[in-house]
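Engineer: let me see the structure of the following:
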Amino acid sequence: VLGHGGMGAVYRVEQIFLRQMFALKTLHGQAFTDVALRRFHKEAQAASKLSHPNLVKAHDFGVLENQQPFFVIDLVEGQNLSEYSRLVGILSVAEVLNIFIPVCFGLGYAHGEGVIHRDIKPGNIMLAISSNDPNGYTPKVVDFGIAKMSEGEDGHSLTLTRTGEVFGTPLYMSPEQCMGEPADARSDLYSLGAIFYEMIAGQRLFGDAGPAEMVHLH
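Structural biologist: Numbers count the residues shown, from 1 in each chain. Okay, here's the model as predicted:
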């Protein structure tokens, strides 16, 4: 087990024929609501649609013997940006750029493919251990769980949310997300800007404001 939460768990798994390690994500039994299943499936769709060195790709989707849905994604080992910043403190401008420029390339690619992340936060930016990178890590955007895909193959919107619903993390939500309005690529950029500020300044955009006040301030 690599991690678990209220909705499901993530496991380290081996593809025995390829002898490659992957991560397998699945839902808990109590999370089997229709909307949760559809969102889970949509996350797998979004991740499988994207192939970029700074994004995590999905490779397989299915149902386990106990009827739990699962999908298989790249195994990313390392720290997320939240953990890393707590460890090292305020990051230098050079290091922040080394992290954020690749993240921008990854998000730019996702946006070009019609996928909006909608929950960009330090915990969803992984610094994957890499011997090929001079910094020792490759930044990767993970967790497209509340992503919005602009258009499906049948031409219909694949988003499962409607106007008035609020999704995201209050610390980094764009004003339109806070108001429950439709989000587009600019929403991800706003969230990225809030994180950029935090990494450079060493403090959150709105300090110690509570979630409700933070939404109002955004």
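
Engineer: give me the contact list for stretch 74-94.
Structural biologist: Among residues not part of stretch 74-94, those counted as contacts by Cβ atoms under 8 Å, 6 or more residues apart in numbering are 12, 21-23, 56-57, 59, 99, 121-129, 137, 139-140, 142, 195, 198-202. For the C-beta atoms, the positions are set from N, CA and C on the backbone; glycine is no exception.

Engineer: pull out the buried residues from these.
Structural biologist: Burial by neighbour count, judged by 16 or more other Cβ atoms under 10 Å, picks out 22-23, 56, 99, 121-122, 124-128, 137, 139-140, 142, 195, 198-199 from these.

Engineer: helix or strand with the lowest mean pLDDT in the chain?
Structural biologist: Every helix and strand of the chain was ranked by mean pLDDT, DSSP states H and E. The lowest is strand 148-149, at a mean of 65.

Engineer: before we move on, back to that, the buried ones among the contacts of stretch 74-94 in strands, which ones?
Structural biologist: 22-23, 125-128, 137, 139-140 (DSSP state E).

Engineer: nearest to residue 116 among these?
Structural biologist: Distance to residue 116 across those (Cβ to Cβ) is lowest for residue 125, with 16.1 Å.

Engineer: in space, what's closest to the closest one - neighbours in sequence excluded?
Structural biologist: The shortest distance from residue 125 to any residue other than its chain neighbours is 4.2 Å, reached at residue 81 (Cβ to Cβ, 6 or more residues apart in numbering).

Engineer: what about that neighbour, how many residues nearby?
Structural biologist: 23 (other Cβ atoms under 10 Å).

Engineer: separation between it and residue 71?
Structural biologist: From residue 81 over to residue 71 the distance is 24 Å, taken as Cβ to Cβ, to the nearest Å.

Engineer: repeat for residue 127
Structural biologist: Taking Cβ to Cβ as the measure, residue 127 and residue 71 are separated by 23 Å.
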